[in-house]
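> Next input, structure requested:
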Amino acid sequence: QVQLVESGGRLVRTGDSLRLSCTASGGTFSSSAMGWFRQAPGKEREFVAAITWRFGTLYADSVKGRFTVSRDNAKNTVSLQMNSLNAEDTAVYYCAARKLVGTMRSSDYDYWGQGTRVTVSS
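Numbers count the residues shown, from 1 in each chain. This is a model prediction of the structure:
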């Protein structure tokens, strides 16, 4: 059973940067694709970014150029560097895992963390 624990969410101001981390345990991290999703109040969960087991990356159009996803297989950790944050980035951010290839569909992911809250204020 894979367990995912996110960290790093907090209150920030518009224009700030923030780095989220997700640590995995209980599985083969190096052969897993890791995804980041977010859910804003009153909205459906949406794809943010993903990184495949071979370090290929995918991004939602809304974050492309501002967010960077990376992984450290030695530490079983995936990170999301978020720059130029704005109010529309306010959400609970979730880390998710599946085998090998990352996708943009939340239903493709087998394991989920509990989420970490990011609030961007002006």
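
> so where's the chain shaky on pLDDT?
Residues of the chain that meet the criterion pLDDT under 70 are absent altogether.

> before we move on, which element is the residue nearest the centre of it in?
Closest residue to the average C-alpha location of the chain: residue 36 at 2.5 Å, with C-alpha atoms, centre = their mean. Assigned by DSSP states H and E, residue 36 belongs to strand 32-39.

> Next, please give the residue ranges for the helices of the chain.
Counting by DSSP state H, the chain yields no residue ranges for helices.

> thinking again about what came up before, thought the residue nearest to the centre of the chain was touching residue 92?
No - Residue 36 is beyond contact range of residue 92, at 11.3 Å (criterion: C-beta atoms under 8 Å). In short, each C-beta sits where N, CA and C put it, glycine included.

> Could you give the separation of the strand holding residue 36 from the chain centroid?
Distance of strand 32-39 from its chain centroid, counting by C-alpha atoms, centre = their mean, to the nearest Å, is 5 Å.

> go on, stretch 25-36?
The chain centroid and the centroid of stretch 25-36 are separated by 12 Å under C-alpha atoms, centre = their mean.

> List the buried residues of it.
27, 29, 32, 33, 34, 35, 36 (16 or more other C-beta atoms under 10 Å).

> With adjacent residues omitted, what lies nearest to the last one?
Counting by C-beta to C-beta, 6 or more residues apart in numbering, residue 48 is the residue found nearest to residue 36 once chain neighbours are left out, at 4.2 Å.

> isn't the one you found right next to residue 88, touching?
No - counting by C-beta under 8 Å, residue 48 sits too far from residue 88 to count as a contact (11.9 Å).

> burial of residue 118, as a residue count?
Number of residues near residue 118 (other C-beta atoms under 10 Å) recorded here: 22.
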